[in-house]
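Asks: fold the following.
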Amino acid sequence: PDQNVFEILWTYVVQTNADMLYGNGENAGTIVCRTIDSINKEGLFSPRVRKAGDDLRAVLVESYEDRVKNPEKYQGEDSLFEEFFTLSKGSADPDMLQGFQQFMLTLQLAANGNQLVTIRWLMSHVYADPELLAGVRREVRQKLAEKGPGTTIRSLNLDDLLALQLTNACITEAVRLHSDIPAKLTLRQADVDMEFKGYKVPKGSTIFLYADAVHKDEQYFPKAGNFCPHRYTNPKVFNKMQMDREIVTFGHGRKRCTGELHARAQISALLASFVLRFDMDLQTNEPQNRMPEDHDGPFVFDTANTLCLVNLRRIADTGDLDGKGVLAEQDLVTAASLLSKRNIQLPRADRQTPALADTDAPEASNCPFSRFFGSSDGDAAI
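Replies: Numbering: from 1, shown residues only. Got it, this is the predicted structure:
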């Protein structure tokens, strides 16, 4: 019961990303896991972090050479590495490999830095708000029912996952409130001499774009410190906010995050898998387990690391849609295993699962605007 779910979950998310990038990426995934653990314990500039680039470079070169010698081993592999190998026709020179390695490190930073923080805050906010949790559950169940008998989370495609309106609104709100990039750290270079509000910016200057200045501005986000995904459940309102650059959770324009759709699909599938199977309790260092204020800076996760989801238990109502147990009983890390396709067996909590009240019963949401921006099941009120 005291096991913090995040301590188990993050390694599977990291390994999944490594598999997606490097293919058969056990070594790459292990290196990244060790590196993130080192960042949490020793800081961003620990010796392990400095060594990680060299370790990953060695894995990349070794894997590339093996693909040249044994292409049949990797035939049909669905990874970015295999795509690069195919495009380079197995004849990449050292400069090309170095450029690819830097690109992969950038993707690792984005996938494992922003993503892990977003997942931690997202799941904490959702499980801290009974009405919001019920709304996400209801939305996912409706999507599975719409797809027909026998449908599971694994059956949903990209369009299905992106159509989970409330779930994706929760992701947007978690990134608005808590992400490193772009909210707290986005750097650009001035292409020309320019002037902004009386300040002269010479060509070549480094410009720090601080999206949090807008994301936390009460003028654009009333009750800006509150987690309120219903701000985005009306597609027209959300699209206008993006066009007006009030919300730039995944960047904007040519530099917009190229991994946004992957991130939304992966996180939506993860959250959906958890909410349909498990209940958990939020545990923080604040009185009455209140949600802490996020004062973390770029690449600092002190506040995020205080969030714990404990007492993981299967929900009493699994919401079977076809009477045949679509949502079968599985062990502790089922949802994480869905991502990495690893069948993990861990000991169950030695306690009986308590019966739960009707999760769809109306309760007071922590979101002060739910009645203005839309209901918990994603239906817009505007």
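Asks: quick one: residue 213 and residue 54, what's the gap?
Replies: 37 Å (CB to CB, to the nearest Å). All C-beta spots, glycine's among them, are computed from the backbone N, C-alpha and C.
Asks: low pLDDT regions in the stretch 251-382 of the chain?
Replies: Applying pLDDT under 70 to the stretch 251-382 of the chain flags the ranges 296-300, 317-382.
Asks: recalculate using a threshold of 50.
Replies: The model of the stretch 251-382 of the chain has pLDDT under 50 over residues 319-364, 371-382.
Asks: can you pull out the strands in the stretch 151-300 of the chain?
Replies: Using DSSP state E, counting those that start in this stretch, the strands of the stretch 151-300 of the chain run over 186-189, 194-196, 199-201, 206-209, 278-283.
Asks: who touches the residue lying closest to residue 310 once chain neighbours are set aside in this structure?
Replies: Of all residues not flanking residue 310 in the chain, residue 283 sits nearest, at 5.1 Å (CB to CB, 6 or more residues apart in numbering). Each residue near residue 283 by CB atoms under 8 Å, 6 or more residues apart in numbering is listed here: 4, 289, 308-310.
Asks: again, 6 Å this time
Replies: Counting by CB atoms under 6 Å, 6 or more residues apart in numbering, residue 283 makes contact with 289, 308, 310.
Asks: and the gap between it and residue 152?
Replies: To residue 152, residue 283 is 30 Å away according to CB to CB.
Asks: equivalent analysis for residue 64, please.
Replies: As for residue 64, its distance to residue 152 is 36 Å (criterion: CB to CB).
Asks: higher neighbour count, those two?
Replies: A count of neighbours by other CB atoms under 10 Å puts residue 64 above the other of residue 64 and residue 152, at 19 against 15.
Asks: may I see the buried residues of the helix or strand where the more buried one lies?
Replies: Assigned by DSSP states H and E, residue 64 falls within helix 47-69. Neighbour-count burial for helix 47-69 flags 48-49, 52, 55-57, 59-60, 63-64, 67 (criterion: 16 or more other CB atoms under 10 Å).
Asks: CA atoms of that helix as CSV?
Replies: Only the C-alpha atoms of helix 47-69 are listed here, as CSV (Å, rounded to 0.1, in the frame of the first residue of the first chain):
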residue,chain,number,x,y,z
PRO,A,47,29.3,12.7,-13.5
ARG,A,48,26.7,10.1,-14.7
VAL,A,49,25.0,12.7,-16.8
ARG,A,50,28.2,13.8,-18.4
LYS,A,51,29.0,10.2,-19.2
ALA,A,52,25.6,9.4,-20.6
GLY,A,53,26.3,11.0,-24.0
ASP,A,54,29.4,8.9,-24.5
ASP,A,55,27.6,5.7,-23.4
LEU,A,56,24.6,6.3,-25.8
ARG,A,57,27.0,7.2,-28.6
ALA,A,58,28.8,3.8,-28.1
VAL,A,59,25.4,2.0,-28.2
LEU,A,60,24.4,3.8,-31.4
VAL,A,61,27.6,3.1,-33.2
GLU,A,62,27.6,-0.6,-32.1
SER,A,63,24.0,-1.0,-33.2
TYR,A,64,24.6,0.7,-36.5
GLU,A,65,27.5,-1.6,-37.3
ASP,A,66,25.5,-4.6,-36.3
ARG,A,67,22.7,-3.6,-38.6
VAL,A,68,25.2,-3.4,-41.5
LYS,A,69,26.4,-6.9,-40.8
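Asks: figure out how far the next helix or strand after that helix is from the centre of its chain.
Replies: As assigned by DSSP H and E, the chain's next helix or strand after helix 47-69 is helix 80-88. In this view, helix 80-88 has its centroid 25 Å away from the chain centroid, taken as CA atoms, centre = their mean, to the nearest Å.
Asks: ok, the residue nearest to residue 310 to residue 144 distance?
Replies: 30 Å.
Asks: ok, now residue 5?
Replies: 23 Å.
Asks: which one's more surrounded, these two?
Replies: residue 144 (25 against 22).
Asks: what's the neighbour count on the residue lying closest to that one once chain neighbours are set aside?
Replies: Once flanking residues are discounted, residue 144 sits nearest to residue 151: 4.8 Å by CB to CB, 6+ apart. Per other CB under 10 Å, the neighbour tally for residue 151 reads 17.
Asks: with residue 41 instead?
Replies: For residue 41, the count of nearby residues is 9 (other CB under 10 Å).
Asks: what helices or strands is whichever helix or strand it is part of leaning on?
Replies: Using DSSP H and E, residue 41 sits in helix 26-42. With contacts taken as 3 or more CB pairs under 6 Å, 6 or more residues apart in numbering; DSSP states H and E, helix 26-42 sits against helix 5-22, helix 47-69.
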